[in-house]
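Q: 3D model of this:
(2 chains)
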Amino acid sequence: MSIELKVNGRSHTVDVDPATPLLYVLSDDLGVRGPKFGCGLGQCGACTVILRGRAIRSCVTPVSSAANGDITTLEGLGTAEKPHPIQRAFIDEQAAQCGFCLNGVILTAKAFLDQNPNATDAEIRQAMSGVLCRCFAHVRMFRAIRRYAARLSPGKNVGPPALIPDVCSTERAV
Amino acid sequence: MRLTPDARAALTRAGFSRREFLKDSGAFVVGFSGFSGFSGAGLADELGLAPGVMSPILAQPPRAADGQLDSWIAVGADGIVTAYTGKCELGQGMQTAQIQLIAEELGIPVGRVRLIQCDTSMTPDQGTTSGSQSHPTNFNERNLARAGASAREALVRLAAARLGVAADQLTVADGVVSVKQDASKKVTYGDLVGGRKFSVPMSPKAPRRPAREWTVLGTSVPRVDMPAMVTGELEYVHNVRVPGMLHGAVVRPPEVGATLVGVDERSVLALPGVVKVVVRKNFLGVVAEKPWQAMQAASTLKATWAPGVGLPGQASFYDYLRSQPSRDSLVVNSGDVDQTLRGGVTTMKATYFHPYQMHGSMGSSCAVADVKSGSATIWSSSQAVFGLRSAAATMLGLKTEDVRVVFARGSGCYGINGADTVSYDAALLSQAVGRPVRVQLSRRDEMAWENYGFAYVIDQRVGLDARGTIVAWDHESWSPTLGGRPGSNTPGNVVTGMLAGFQPAAFAPRTPAPEPAGGFNNGSNAAPSYVRGRVDGAAGGTGTIASERVLTHTIRSPFFTGPLRSPSRLQNTFAHESFMDEIAARVKADPVAYRLRHLSDPRLKDVVSAAATAAKWQPRPSPRPNLSRSGVASGRGIACVLYEGDNGYCALVAEVDVDQSTGRISVTRFVASQDCGPISTPDGMKNQIEGGALQGMSRALGEEVTWDGTKVTSVDWRTYRSLTLGADVPTIESVLIDRRDAEAMGAGETTITLVAAAIGNAIFDATGARIRQVPFTPDRVKAAIAARASV
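A: Next comes the predicted model:
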């Protein structure tokens, strides 16, 4: 079956079984690297893409339901040379280890904050509650997400809140 | 022979074409010592070396042992320096750190260094990227660091000859060698070497850059891979695509030990895209044109399996371990422990339990293999490309030298996830269809069959003198093991190899244990920090207790096991540091002071003191005074370790809130102090501390492999609980102790080793309840609270 997909502003026509999860079409028919297979069960976030403004799990979304909708993947935000502000925030905070989860972390946070720019830290945390990072770079990731949130809502008080951890480091030379 | 796009780009950037690297299709990369674009004779002449010392064109891939500088470093005509390493990027930052090392030694910006990691045809065989060994292996006097120093020395000698001045009249900056007195006389690295080999051996005396003069090492250089990671541009092994590639999916047995009786191929051959059903003994898989088709076919395929072997009950598993034939080892044995414990001292004992846990990588494992009639190439995120190569060759019936394994980035691996086994899956399927095959495991297959971190049951016993000082320590542990890393021709060490008919490394019971010999080795931290560690008359431990016995029993595991981050070190340290806290409480001593009282190693004492100071630790015994027996209680705990006895000092303070009605633990603060010698990348070390602390917290609070009578039941993120990004996480403070005159040690596994003990000790401090079994689930915490002594 022929299906039209709009991925990062470009239109593609793919001929696939309409029940195929969107992730497979993006990864294997279109060669998109951002969304990743983590669990195939919608439990971890690695396959996240933004479809019609909402973060969805492409591993459990039939490609047919994404037809003609605007799909944004991680590489649709920015490039290594010109990263999107939320990608810039993750670079600035060095907020990753292996990086496999970044797709889900960044897109989930972005989709949520773009629609809820004044979200509290507890609300951000709630929004991230279905996303995993098995290297546990949580502390840095939250700093990066807050950095992006502060940019969206410059009037918001972004002082150290109760729920968001901050790292202080003492580097001692002996 | 194909390179991945990223590898090709790196080579191009380094000034080499793919053609120059490849002899012909189906043959192997000849090795960078044999680039057709290189001519060795000229440089050897310029360096004043006899032709005899030149490295020959290599028929085999180079090895670290060959001692040739060209095995490690090449300089392109554009001045780009390409370094070759057998230690790869797993997410721990080793790519960036090694680039810093080369930049520092050669006096060039990091942007002018390229790193080729773990390719059996191109890089030195440095064994496995594991055990927090990359830093000690490549940043001390040998290997990559030595290569950097040797290259700088060789370049200066070449420049001296070129410029007609003595080498000591030259200075190096930014890849340019110039005359100190006349800066107009200069020559670039590219002009000196570009397009040619060094053809010199590594120089054992080439001076290293002194740490006090570092400008690149010792600084927090941002991860070179970060921009590509955050923008989705980075190539993981999951993204490797080669022409003509098919997709495979495997069908694992329904039960542990189940054997394949029959397969009805017709059940799937009519499905779209299906190419072939592949059977090899108990290995079963399907190859299709597309991955979704392969997965659909694998789930549709009708296969008949004989029942499995049955599994020991999980509820009584720790008792089961004590009853099995075991392989016994003594780490230390002073010979007088029983006598000391009978000699009128106060004795204490306790038993600790740790479950199987899993790597549970974020992405299920993936590999691409291209097996031809006489050769194979495998793209894999294995931490052991050379071991994988030999084992894959055994499995495929090929010669080791005819198999090439190319490392490609994987989802975070903390020892041995499914990367090795899926490499065999891809190789078997590719061999069967004669085309390249990519396989990515399902979540269930990743989690049900990986090589789990070891379960443990540990008995501890001590004797105390009248002053409350420990005078004898007796440790005895039981732990199951099966398989492990492939290598040394043991493909059966992971599930695919075993299914295909190969046995895991043999298990040989041995009782009694032979007496310890050959010098002290703390046996994966089986020896506590507080004993002398006296073997062959020399004390190699970090403590003061003279009467010591550490006896370990290894049992054959019903599941595959492997080195999950801090393997055995974590489990042993949980038992040691929890027990030390129990002893301190018994004698009403402050846990920090009591540890210091039994330690002899000054650096271990320093990290303990540094963590306590940074945490504003109030000296007093645990539990805290004026305990409340209900509501939310707060407490603090500490733990410390010298990882593996010589590979990283760390102390960790944890602060927790315990909801005594629900049993829920909230960790509110970690303070870690760490001394791993000279710090190459401070922010990278902090990242490891933070990730280790939280991964340790997830493991301590919730992670446990579960099974029923026949199979593993923790097979997804609902049945195996990991802390999500939505979890409340503590603040984490890192005290980095930078000892620039010391040897480089590992930093990747220190913090995680301490987390369970530090949290357990904090729970005790808060509540007076001791929890001796990981994970600290609300039910277990509530049970411990219900069982606590009246305090």
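Q: how about the strands in chain A?
A: A:2-7, A:10-15, A:48-51, A:54-57, A:70-72, A:169-173 (DSSP state E).
Q: could you dump these to JSON lines with mean neighbour count and distance to chain B?
A: For glycine as for every other residue, the C-beta is placed from the backbone atoms N, C-alpha and C. Below are the strands of chain A laid out as JSON lines (neighbours: other CB atoms under 10 Å in any protein chain shown; distance: least, CB to the nearest CB, whole Å):
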{"stretch": "strand A:2-7", "mean neighbour count": "17", "distance to chain B": "12"}
{"stretch": "strand A:10-15", "mean neighbour count": "11", "distance to chain B": "11"}
{"stretch": "strand A:48-51", "mean neighbour count": "25", "distance to chain B": "11"}
{"stretch": "strand A:54-57", "mean neighbour count": "21", "distance to chain B": "12"}
{"stretch": "strand A:70-72", "mean neighbour count": "20", "distance to chain B": "11"}
{"stretch": "strand A:169-173", "mean neighbour count": "14", "distance to chain B": "5"}
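Q: same list (those) but as CSV, adding distance to residue B:401 and mean pLDDT.
A: Formatted as CSV, those follow (distance: least, CB to CB, whole Å; pLDDT from 0 to 100):
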stretch, distance to residue B:401, mean pLDDT
strand A:2-7, 43, 96
strand A:10-15, 42, 96
strand A:48-51, 43, 98
strand A:54-57, 44, 97
strand A:70-72, 46, 97
strand A:169-173, 47, 44
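Q: now the helices for the stretch 501-650 of chain B?
A: B:569-586, B:591-598, B:602-614 (DSSP state H, counting those that start in this stretch).
Q: and of the strands of chain A, who's closest to residue A:145?
A: Among the strands of chain A, strand A:54-57 comes nearest to residue A:145, with 13.3 Å by CB to CB.
Q: residue nearest the middle of chain A, spatially speaking?
A: Nearest residue to the geometric centre of chain A (CA atoms, centre = their mean): residue A:107, 1.8 Å.
Q: make a markdown table out of the helices of the stretch 501-650 of chain B and add distance to chain A, mean neighbour count and mean pLDDT.
A: Below are those laid out as a markdown table (distance: least, CB to the nearest CB, whole Å; neighbours: other CB atoms under 10 Å in any protein chain shown; pLDDT from 0 to 100):
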| stretch | distance to chain A | mean neighbour count | mean pLDDT |
| --- | --- | --- | --- |
| helix B:569-586 | 15 | 26 | 98 |
| helix B:591-598 | 18 | 21 | 98 |
| helix B:602-614 | 6 | 20 | 98 |
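Q: now the ones you listed as JSON lines including distance to residue B:135?
A: Shown next, in JSON lines, are these (distance: least, CB to CB, whole Å):
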{"stretch": "helix B:569-586", "distance to residue B:135": "16"}
{"stretch": "helix B:591-598", "distance to residue B:135": "26"}
{"stretch": "helix B:602-614", "distance to residue B:135": "16"}
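Q: ok, back up a step: who's in contact with the residue nearest to the centre of chain A?
A: A:48-50, A:55, A:72-74 (CB atoms under 8 Å, 6 or more residues apart in numbering or on different chains).
Q: and if you look at residue A:25?
A: Per CB under 8 Å, 6+ apart, neighbours of residue A:25: A:3, A:5, A:14, A:16, A:63.
Q: what's the most distant pair in those residues?
A: A:5 and A:16 (9.9 Å).
Q: between those two, which contacts overlap?
A: Common neighbours of residue A:5 and residue A:16 (CB under 8 Å, 6+ apart) are A:25, A:63.
Q: next, the angle from the host helix or strand of residue B:693 to helix B:569-586.
A: For residue B:693, the element it lies in under DSSP states H and E is helix B:682-701. With axes from the mean of the first three to the mean of the last three CA atoms, to 10 degrees defining the directions, helix B:682-701 sits at 70 degrees from helix B:569-586.
Q: next helix or strand past helix B:682-701?
A: According to DSSP H and E, the helix or strand after helix B:682-701 is strand B:731-738.
Q: now do the strands in the stretch 51-200 of chain B.
A: B:73-75, B:81-85, B:113-117, B:170-173, B:176-179, B:182-188 (DSSP state E, counting those that start in this stretch).
Q: how about the residues of the stretch 551-700 of chain B by chain A?
A: The stretch 551-700 of chain B has residues B:606, B:610, B:614, B:675, B:679, B:682-683, B:686-687, B:690-695, B:697-698 near chain A, with proximity defined as CB under 8 Å from any CB of the partner chain.
Q: please repeat the previous calculation with a cut-off of 7 Å.
A: B:614, B:682-683, B:686-687, B:690-691, B:694-695, B:698 (CB under 7 Å from any CB of the partner chain).
Q: hmm, which two among those residues are most spread apart?
A: Maximum distance among those (CB to CB): 24.8 Å, for B:682 and B:698.
Q: shouldn't residue B:278 be within a strand?
A: Yes: according to DSSP: H, G, I helix; E, B strand; the rest coil, residue B:278 belongs to a strand.
Q: what's near enough to touch it?
A: For residue B:278, the contact set (CB atoms under 7 Å, 6 or more residues apart in numbering or on different chains) comprises B:285, B:287, B:428-429, B:432.
Q: which one of residue B:682 and residue B:698 is surrounded by more residues?
A: Each of residue B:682 and residue B:698 has its neighbours counted (other CB atoms under 10 Å in any protein chain shown); residue B:698 has more, 25 against 17.
Q: check contacts around that one.
A: Contacts of residue B:698 (CB under 7 Å, 6+ apart): A:136, B:722-723.
Q: swap in residue B:411?
A: Counted by CB under 7 Å, 6+ apart, residue B:411 has contacts A:98, A:100, B:361-363.
Q: circling back to that earlier point, for chain A, state which of the residues of the stretch 551-700 of chain B next to chain A is nearest.
A: residue B:694 (3.6 Å; CB to the nearest CB).
Q: of the contacts of residue B:411, select the buried ones using a PyMOL command.
A: The buried residues among the contacts of residue B:411 can be selected in PyMOL (16 or more other CB atoms under 10 Å in any protein chain shown) with this line:
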select buried, (chain A and resi 98+100) or (chain B and resi 361+362+363)
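Q: what's the closest of the contacts of residue B:411 to residue B:211?
A: Closest to residue B:211, out of all of those and judged by CB to CB, is residue A:98, at 29.0 Å.
Q: that closest one touches residue B:412, doesn't it?
A: Yes: contact criterion CB atoms under 7 Å: residue A:98 and residue B:412 qualify, at 3.5 Å.
Q: hey, what's in contact with both of these two?
A: A:135, B:90-91.
Q: what would those residues look like in TSV with distance to residue B:757?
A: Shown next, in TSV, are these (distance: CB to CB, whole Å):
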residue	distance to residue B:757
A:135	22
B:90	25
B:91	25
